[in-house]
Each structure stands twice: as structure tokens, then as C-alpha cells.
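Student: I would like to see how this sequence folds:
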Amino acid sequence: MSVRAFRYLFAALALGVPAAAQGVHTFTINAGQSNFVWTGDTSTGPLEGDPSNTFHLEGYQNVSLGFGSSGLSDAGFISGDAAVVPDIHAKIPNPISWLPDLADIDITNMHLSFSSVTDFPVNGSGNYTASVVVTVLSGTMIVDPLVGSTIVEDMAGTVSNPNDASGTLVISGTNANLHVPVDNTTTFDDSGSGMSGWIRLQGDIVAQASCSGGVTTYCYSFPNTSGGTADLMTSGSTSVSANDLTLMAGPMPNQWGIFYYGPGMVNGGGGAVFGEGVRCVGGSPHRLPPRLASFSILSYTLDLANPPSVAGTITPGSSWNFQAWFRDPPGGSSGFNLSNAATIDFCF
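Tutor: Predicted coordinates for the structure are as follows:
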């Protein structure tokens, strides 16, 4: 039996396992729930676990998440590192029970990486189908046949053909949950050895990612003609999928103003005098549409699905700095003032 035939056999361990483009998030594989059973048969004889035909995956998978107006819309499996635990031990028993096995096969230190051929849509219920390619990052196969020499094969670099995998990817609060049920049968036919057969994998990949959003104010503001200093506040959540965050600033005069945001801070968050106030937000600014303050409060509800520019797209896991600018003609020669600022960390 050739090493090529055995390589076909155990490359199938990668072929059937689905993987895990937008903001990239690391999903931790739940080792206790990502359990697999393999079965197989060959023209030489049936494959049996020695002593077990079970394994689980542990490690991580990187997944990109894309969001539209109604929440999670698409995703992509990128790289990762999933270890096959424990090592795989198999045998082809001798049909004559009292004779040694026809072959013993051991695969040690197998690590897999998964990627989707393209990004794939995720529907409102979290269901998706992805075309997945699996790459063996590491793994050593040792074949000890009854007749012939022991063969040692480095499996690193083995790449599967694309294989469709259907599962769920659901956002729940600050958690993202990935579930892929796997039931895959791969056939092989090695002309070099004349060996043919099949191997079937059944199991589940379960993985989770989490993020924690939040709002942290910084910098300061000078008094305006309302009699106070404008403070930046928020209502709603920092969840991109909920898309319900409202910015507020006040007190201020009932004049026109805007909220704007950027990636940096001025002077490390200390700010710099600008007009009658302090400019706190640094980097290229993204300006939101103007609003007229009412009852001394300026407010604006963000629409994260329609950013003011592509560069200003807000994704889960990103952090942005926000500030309000407003007209205040009686307040000084510049005729405008600003609120303090806030760093907002966005979540799923």
C-alpha cells in the first residue's frame, strides 16, 4: 500500500471539516462541543480506530463580519489554527484475526486552517452556506505496513478541494456564535496502489467570539452662552447590529451644529483651543449632517449602515472619537464652540 493512498485517506480529515473579510474577529473553538467521529473502509480492509475513532478540534478561527441595515449580512472564513486532539491512530485489521494488522497508521500534531473561497451571505436567521478550503498547517503521518518499510510523510501544505458547508452564525448581544454541523463522505481511488475506499466525518464545529463596547468621555469644553459647558452623551447601544446609537450634546444655544468623528485624539486627548472651545478629535474627520439644537440639546441618531464616507465605516471591534461643533455667535469672535469628546468602542 502506497503512502499516496494513506495521504488520500487522511487528507479527508480536512476535506469534510468546514471552517470558519469587513472587521475580522477571532472565534475560539469550543473543544468540549466540537466533537467528531470518523469511519471508513478500503479495498484492502476496513479502517478502525486504534483504540478510538473520535477526535475534537481546539484552537481558533478568524472570521470577517459584514453588517447592513438589518444587521449581520455576510461573512468570510479567513485563517486560523485548529488542532486535532487527540492524535489519530488507525489500523487496517488482518482478516485472519490471529495475525498482525495489515497496517498501522498514526497522524500526530495535525493542525488545520480554514478559509472560504469567497465571502458568503448570512440570512436573517443566521443561516449560511460557504464553500470552504482546508489546509493542513502541520502533521506527520507514519504508516507501518505488515509488509515493507515504515513510511514517514509530512502532511503540511495538503490543501483540500472546496467543500460546501452549511451552518449558522448568530449575533446575540456581545457574542457571536458559529455552528457548523458536519457530515461528509469522501471517496478515494489511488491508481498507484490499486486501493480505493471512503471515509466519513460526522460532528460539529462550535466557536464563539465576543466584544465589549463602551463609551469613555475625555477632554474638556469651555462655557458657552447657554450658561454651561456642552457635554457629549449617548443613548442606545454601541452594537453595530442593533444600530440604535444616538449622540447628544448640551447645554448649548439653540443653534445649528454637527457631530463629527475621527480615529485619533488631539494632543493625546488633552485637546487644543479651537474657536471658543477645544478641539479634541484628531485624524481625518467624518462629518455627520447638521442638526438644529432644541431645548439646549443637539442630537443625532447614527445610521451605521450609511456612513458619511467609506473611510468612516464603523465596524464591530472598531473605536472612534466623537465630538460636537455648534454655532454660538454671541459667545466670542469665532462664533462657534465645541463639546468635550468621547471614545466609543463598537461591538457586534
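
Student: so what's residue 100 closest to, chain neighbours aside?
Tutor: Using CB to CB, 6 or more residues apart in numbering and skipping the chain neighbours, the partner closest in space to residue 100 is residue 146 (5.6 Å). Bear in mind the C-beta positions are built from the backbone N, C-alpha and C, glycine included.

Student: Surely that neighbour and residue 103 touch.
Tutor: Yes. If you go by CB atoms under 8 Å, residue 146 and residue 103 touch, sitting 6.4 Å apart.

Student: Against residue 210, how distant is residue 247?
Tutor: Residue 247 sits 25 Å away from residue 210, taking CB to CB, to the nearest Å as the criterion.

Student: With residue 134 instead?
Tutor: 25 Å.

Student: Who has more neighbours out of the two?
Tutor: The neighbour comparison of residue 134 against residue 210 (other CB atoms under 10 Å) goes to residue 134, with 25 against 15.

Student: Quick one: list the elements packing against the longest strand along the chain.
Tutor: Counting residues, the longest strand found in the chain (DSSP state E) is strand 127-145. On a contact count with 3 or more CB pairs under 8 Å, 6 or more residues apart in numbering; DSSP states H and E, strand 127-145 meets helix 3-15, strand 71-85, strand 103-116, strand 120-121, strand 151-154, strand 163-172.

Student: Look up the residues forming beta bridges with residue 164.
Tutor: In this structure, residue 164 bridges to residue 131 when assessed by DSSP bridges.

Student: Map the structural domains onto the sequence of this protein.
Tutor: Annotated domains of the chain cover 3-210, 214-345 [automatic domain parsing].

Student: Dump those domains into JSON lines; add mean pLDDT as well.
Tutor: Converted to JSON lines, the domains of the chain look like this (pLDDT from 0 to 100):
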{"stretch": "domain 3-210", "mean pLDDT": "84"}
{"stretch": "domain 214-345", "mean pLDDT": "96"}
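
Student: most packed of the helices and strands packed on strand 127-145?
Tutor: Sort these by mean neighbour count, taking mean count of other CB atoms under 10 Å, and helix 3-15 sits at the top with a mean of 23.

Student: send the alpha carbons of the next helix or strand after that one over as PDB?
Tutor: Scanning forward in sequence from helix 3-15 by DSSP states H and E, the next helix or strand is strand 23-29. The C-alpha coordinates for strand 23-29 follow below in PDB (Å, rounded to 0.1, in the frame of the first residue of the first chain):
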ATOM      1  CA  GLY A  23     -14.000  43.600  10.500                       C
ATOM      2  CA  VAL A  24     -12.000  40.500  11.400                       C
ATOM      3  CA  HIS A  25     -12.800  38.700  14.700                       C
ATOM      4  CA  THR A  26     -11.200  35.700  16.300                       C
ATOM      5  CA  PHE A  27     -13.600  32.900  17.200                       C
ATOM      6  CA  THR A  28     -12.500  30.500  19.900                       C
ATOM      7  CA  ILE A  29     -13.300  26.900  19.100                       C
END
